[in-house]
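*Asks:* model the following, please.
(2 chains)
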Amino acid sequence: MTVHEWLFIGLFFALGWMLPTIPIVAGKLLGPKRPNKIKQQTYECGIETVGNTWVQFRAQYYVFALVFVVFDVELIFLFPWAMAYNKLGLFALFEMTVFILLLVVALVYTWRKGALEWE
Amino acid sequence: MDITAESVVFLILSALTLGSGLLVVTSRNLFHAALYLMLSLFGVAGLFALLTAPFLAFVQVTVYIGAIAILIIFAIMLTPQVTRTNARNTQWVGAVVVAVVFFAVMVSVLTPLMDDLGADDWSADFSEEDPDDVPGTSLADLGEQLVDPDYYMLPFEVASVLLMAALIGAALMVSPAIADDPETETGDDESGG
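*Replies:* Purely as a prediction, here's the structure:
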């Protein structure tokens, strides 16, 4: 990648940072402030909040996180392969099919064992 | 040392990485520490990009920030004492010793390596020539080599087996349904797993 392309990514990064920041800062600076007790409550889709926000979450979430990590790493392998796809032959397609099928087998196993069921 | 655009970006990214790294270890709130860790990893991704290793930067963002940091945040959310914001690091003396020793090892290993490369002049401006002519750095080249039997075909497929094992292992270790299953003989009575 050339320096020019990195400048482009830097521009995206700057924009991505500015787009949420400017409305928040502008709202703080320009908006009128007349707080009352109801306005100061935590906003949760219009429902009154119940209990503490910091609760212990269910351990089952961790399975989904682990499965996500595995497929995230798979993506890392898919990405360069996809970039070179036009130059690659049928054999490369076969290799990637084997690669993905092995992971599909693991996913089906995980699914069948009930690890993805929410109880 | 000349001040180039690269050195300015390098200093900013280094300050980001080191500063947020320092906040990770000094922050009393575990959740904030995890968020600072993500910022620190992002700085490392920027340093990879500065070293003209875009794929490594991409991997750093997707795997470390996207997956590993999420795992860490999940682990914090699953802790019963998640509300305890003033967590004390009672092992900080040991941590400092390990960090200093690790730094010394890294310096002693990398310094002769840098001398071999002839990179003792740290102000050398590598960006003058386009780094595109460095062989094998383009992503398409990497993709070609990944499925080439002469290069990385076998490690590539072995990686798939490794990921499969990781997925099955995760399912076996965490799923409560497995523990009740009489067909699985091993590992089901270690509930702490």
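*Asks:* ok, and the closest non-adjacent residue to residue A:105?
*Replies:* residue B:164 (6.5 Å; Cβ to Cβ, 6 or more residues apart in numbering or on different chains). To be clear about C-beta, it is placed using only N, CA and C from the backbone, and glycine gets the same treatment.
*Asks:* touching, that neighbour and residue A:107? I think so.
*Replies:* No. Here residue B:164 lies out of contact with residue A:107, judged by Cβ atoms under 8 Å, at a distance of 9.0 Å.
*Asks:* please name the nearest non-neighbouring residue to the closest residue to chain A within chain B.
*Replies:* Nearest to chain A in chain B, going by Cβ to the nearest Cβ, is residue B:143, at a distance of 3.0 Å. What sits nearest to residue B:143 in space, not counting adjacent residues and going by Cβ to Cβ, 6+ apart, is residue A:84, at 3.0 Å.
*Asks:* pLDDT score for that neighbour?
*Replies:* Looking at residue A:84, its pLDDT is 81.
*Asks:* what does residue B:167 give?
*Replies:* At residue B:167, pLDDT is 85.
*Asks:* quick one, what contacts it?
*Replies:* A:66-67, A:70, A:103, A:106-107, A:109-110 (Cβ atoms under 8 Å, 6 or more residues apart in numbering or on different chains).
*Asks:* which strand or helix spans the residue nearest to residue A:105?
*Replies:* helix B:153-174 (DSSP states H and E).
*Asks:* middle-most residue in the chain, spatially?
*Replies:* The chain I'm using is chain A. For chain A, residue A:68 is the residue whose C-alpha lies nearest the centre (Cα atoms, centre = their mean; 9.5 Å).
*Asks:* the intended chain is chain B.
*Replies:* Taking Cα atoms, centre = their mean, chain B has its central residue at residue B:64, 5.2 Å away.
*Asks:* so how many other residues sit close to the spatially closest residue to that residue that is not a sequence neighbour?
*Replies:* Nearest residue to residue B:64, sequence neighbours excluded (Cβ to Cβ, 6+ apart): residue B:41, at 4.7 Å. Residues lying near residue B:41 (other Cβ atoms under 10 Å in any protein chain shown) number 21.
*Asks:* what's downstream of the helix or strand where residue B:41 lies, the next helix or strand?
*Replies:* Secondary structure assignment for residue B:41, by DSSP H and E: helix B:30-50. Tracing the chain C-terminally past helix B:30-50 and defining elements by DSSP H and E, one meets helix B:54-59 next.
*Asks:* quick one: buried residues of that following helix?
*Replies:* Residues of helix B:54-59 classed as buried: B:54-55, B:57-59 (neighbour count, 16 or more other Cβ atoms under 10 Å in any protein chain shown).
*Asks:* domain parsing for chain B?
*Replies:* B:1-87, B:137-183 (automatic domain parsing).
*Asks:* how about residue A:45, phi and psi?
*Replies:* phi 50, psi 30 (degrees, to the nearest 10).
*Asks:* so how far is chain B from it?
*Replies:* For residue A:45, the distance to chain B equals 20 Å [Cβ to the nearest Cβ, to the nearest Å].
*Asks:* can you say which of the contacts of residue B:167 are buried?
*Replies:* A:66-67, A:70, A:103, A:106-107, A:110.
*Asks:* which element, helix or strand, includes residue 8?
*Replies:* No chain was given, so I picked chain A. Per DSSP H and E: helix A:3-30 holds residue A:8.
*Asks:* wrong chain, I was asking about chain B
*Replies:* With DSSP H and E as criterion, residue B:8 is part of helix B:5-26.
*Asks:* for the chain, give me the ranges with low pLDDT.
*Replies:* Unless you meant another one, I'm taking chain A. Regions of chain A meeting the criterion pLDDT under 70 cover residues A:1-3, A:119.
*Asks:* was after chain B, sorry
*Replies:* B:1-2, B:81-89, B:117-137, B:174-193.
*Asks:* which helix is the longest one in it?
*Replies:* helix B:92-116 (DSSP state H).
*Asks:* just want the angle from that one to helix B:5-26.
*Replies:* Helix B:92-116 and helix B:5-26 meet at an angle of 160 degrees, taking axes from the mean of the first three to the mean of the last three Cα atoms, to 10 degrees as the criterion.
*Asks:* next secondary structure element downstream of helix B:92-116?
*Replies:* That would be, after helix B:92-116 and using DSSP H and E, helix B:139-146.
*Asks:* any idea how far apart the tips of stretch B:44-59 sit?
*Replies:* 11 Å (Cα to Cα, to the nearest Å).
*Asks:* is chain A within reach of it?
*Replies:* Yes. Counting by Cβ under 8 Å from any Cβ of the partner chain, chain A is contacted by stretch B:44-59 at B:49, B:52, B:54-55, B:58-59.
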